[in-house]
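*Asks:* need a 3D model of the sequence below.
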Amino acid sequence: MTSQIRANLVTVSDPRSPAAEAYRSLRTNLSFSGLDAPIHTLVATTAAPQDNKSIVISNLAVVLAQGGNRTLLVDCDLRRPALHEIFGLDNSAGLTTMMLDESVMGNPPLQETEIENLQLLPSGPLPPSPADLLGSQRMDAVISRLKESADIVLLDAPPVMAVTDAAVLGSKVDGFLLVISAGTTRREHAERAKQILEKVNIRIVGAVLDNAPADAVTGSYYG
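*Replies:* Numbers count the residues shown, from 1 in each chain. Sure thing, here's the model as predicted:
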C-alpha cells in the first residue's frame, strides 16, 4: 500500500481507530436506510466549499469495498477534482471521456485502486460547463452503464451552495449524503443546503459529521 493512500485514508492507515469504526457504522446505517428503497447510486458533498468531502467519500468507499461490495467511486466534481490525487492515479481519461466519446461507453476508463473491490472513475479533462454536462440525458446513460459495473456507485460532487452541479446530479441517483464539518460548516449553510435539495425532491439519506472531537471513552475502547 503506497504511503500516499495511507496518508489520505484513515480506514487504510488505522483501521482499528474510532474514526475508521465510524465509517463502518456509516456503512451499516446506509444498509438499513436502503431496506425499503435500495441505494445503488449515492452522491456525497458538502453545503459550502470544504476540503474534506473527497476524503470522506473515499473512506466510505473503502469500507464498502472491504465489506465485500463491488464499489465504484466517481469524481463528478468537474471543477476541482481530487479523487485521482487521493488514490495516486492518472486523470487523463475519466467521466468526461465517457460523456463525449460514445466508443468508450462499452469499456469505461475505470482504474483499479490498491483496495480490493474498489475502482475509480476520475473526472477526466475538465469541461467548460460542468452543470450542463451533469444535467444532460447523456449523464443518465453514463450512470446506468456504471451501475452495471458495481454493487454501489459513489459520486463526489461540488458543494451544494457553490454551484448547481450537486442538485442537478442528485436528481439522477438513489440518495444524497451531506457532509458537515465540525467547527467549519455554518448551521445556516447546512440548513440552506437541505432546503435546496428538498426543493428539487432529492432523497437525503443522511448527514456525516466530519472533523468531530475525539470521544475519550470510545477512543480508549478502540485503543
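*Asks:* how far away is residue 153 from residue 181?
*Replies:* Distance of residue 153 to residue 181, given as CB to CB, to the nearest Å: 24 Å. Placement of C-beta: from N, CA and C, glycine included.
*Asks:* who has more neighbours, the two?
*Replies:* Neighbour totals were compared for residue 153 and residue 181, and residue 153 leads with 25 against 20 (other CB atoms under 10 Å).
*Asks:* for this protein, what spans make up the strands?
*Replies:* Applying DSSP state E to the chain gives strands spanning 41-46, 71-75, 111-112, 118-121, 152-156, 175-181, 204-210.
*Asks:* point out the most buried one among those strands.
*Replies:* strand 71-75 (a mean of 27; mean count of other CB atoms under 10 Å).
*Asks:* residues in contact with stretch 26-44?
*Replies:* 53, 56-57, 60, 63-64, 67, 76, 143, 147, 151-157, 166, 169-170, 172-179, 203, 205-206, 208 (CB atoms under 8 Å, 6 or more residues apart in numbering).
*Asks:* and it, how far out from the chain's middle?
*Replies:* Relative to its chain's centre, stretch 26-44 lies at 13 Å (CA atoms, centre = their mean, to the nearest Å).
*Asks:* about what we covered before: got TSV for the strands of the chain, with distance to residue 29 and mean pLDDT too?
*Replies:* As requested, the strands of the chain are exported to TSV (distance: least, CB to CB, whole Å; pLDDT from 0 to 100):
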stretch	distance to residue 29	mean pLDDT
strand 41-46	12	92
strand 71-75	16	98
strand 111-112	28	96
strand 118-121	20	98
strand 152-156	14	96
strand 175-181	10	88
strand 204-210	7	86
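*Asks:* for the residue nearest to residue 208 when sequence neighbours are not counted, what are its contacts?
*Replies:* In space, residue 208 comes closest to residue 179 once its chain neighbours are excluded; the distance is 4.9 Å by CB to CB, 6 or more residues apart in numbering. Residue 179 is in contact with 44, 45, 46, 50, 52, 53, 56, 57, 207, 208, 210, counting by CB under 8 Å, 6+ apart.
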